[in-house]
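Trainee: this one's structure only:
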């Protein structure tokens, strides 16, 4: 069978990765959204992405049991460059997606700001990520790595990568949705500090179906410096990086509260209230859709109509609530826990 231009480039890219791996290879298996994912890291540079994924590591599996293999390398630590791209400057899309190299079976994106290339092939069950120097990857990439790859792979399975936080209680959980600065991280971290389980503060995966489940992707949290005084337990938590927002590694201080999966029972749309106490009230699926869809789809490379359809499916089948965030942070987990326990009794 003749290879098309995209397949040829993936093959050349894998050849470059193979040469980079001659100097040293780290192999790990992750459990992501209930599937085994093989992670291969050539050289030492891209290991900076591992802390955010540490809670997903599981014992090694047989190759045929892996749903996806991801190969990572950087030129700075291996000396190996990727092959010349077969596209030109006019083919770069708004989010770095490469026009003419994005189909249902093949995805390519190049992040000019990070000098990072992401590719995924459905037929080969293979994703490859390269960057010039992993040491200069920004804090948000180290805190939430490989988002384009998770997006493409989950979408191909009929599932969704969402711009959302998530918490749970006794295996029953809620998505917390909204644009940046709406209170997602504050809510998730307040619940974690109060003994509830934490699945993420910025991005989560959801497997869709009659019973939907939330899956954790990253064991990190990003907190604006001005809000740090409201979350005192974070003061003694390991910091991965400090820019405008501080990126925390939750694996040590909060290991017992990190959950990989829970059943989805509610969608919360937070908003700050001009009072101390927090409260919850039902809202329409339309309000939740407006809070979730734009902030998710506008941030992801090569989003498709099917991604919006997945989000619409999700909000139509899940009870949605406005979560009013009072000034007393301690009041937030009380109302979230009470809601989740009430949905447990109803299910």
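Mentor: That came through fine. In this text the structure is predicted, and so the values were computed from the model without any measurement.

Trainee: can you give me the buried ones in the one helix or strand residue 342 maps to?
Mentor: Remark: residue 342 resides in helix 331-346, with elements defined by DSSP states H and E. Applying a neighbour-count criterion of 16 or more other C-beta atoms under 10 Å, one finds 331-333, 335-337, 339-340, 343 buried in helix 331-346. Yep, even glycine has a C-beta here, placed from its N, CA and C like the rest.

Trainee: do the same with stretch 287-297
Mentor: By neighbour count, with 16+ other C-beta under 10 Å as the criterion, the buried positions of stretch 287-297 are 287-289, 291-293, 295-297.

Trainee: cool, and stretch 19-31?
Mentor: Under 16+ other C-beta under 10 Å, the buried positions of stretch 19-31 are 20-21, 28-31.

Trainee: give me phi/psi at the nearest residue to residue 195 once chain neighbours are set aside?
Mentor: Sequence neighbours aside, residue 257 is the residue nearest to residue 195 in space, at 7.2 Å (criterion: C-beta to C-beta, 6 or more residues apart in numbering). With angles defined as degrees, to the nearest 10, residue 257 sits at phi -100, psi 10.

Trainee: doesn't residue 197 make contact with residue 257?
Mentor: Yes - taking contact to mean C-beta atoms under 8 Å, the distance of 5.6 Å between residue 257 and residue 197 places them in contact.

Trainee: list the contacts of residue 289.
Mentor: Neighbour list for residue 289: 311-312, 315 [criterion: C-beta atoms under 8 Å, 6 or more residues apart in numbering].

Trainee: for the stretch 101-250 of the chain, what spans make up the helices?
Mentor: Defined through DSSP state H, counting those that start in this stretch, the helices belonging to the stretch 101-250 of the chain, from first to last, are 139-143, 147-156, 184-193.

Trainee: pLDDT weak spots in this structure?
Mentor: Across the chain, the ranges flagged by pLDDT under 70 are 1-3, 241-243, 344-347.

Trainee: center of it, which residue is that?
Mentor: The structure's the chain has its C-alpha centroid closest to residue 203; by C-alpha atoms, centre = their mean the separation is 4.0 Å.

Trainee: quick one on the thing from earlier: now the buried residues of stretch 19-31 in JSON lines, with secondary structure?
Mentor: Formatted as JSON lines, the buried residues of stretch 19-31 follow (DSSP: H, G, I helix; E, B strand; the rest coil):
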{"residue": "20", "secondary structure": "helix"}
{"residue": "21", "secondary structure": "helix"}
{"residue": "28", "secondary structure": "strand"}
{"residue": "29", "secondary structure": "strand"}
{"residue": "30", "secondary structure": "strand"}
{"residue": "31", "secondary structure": "strand"}
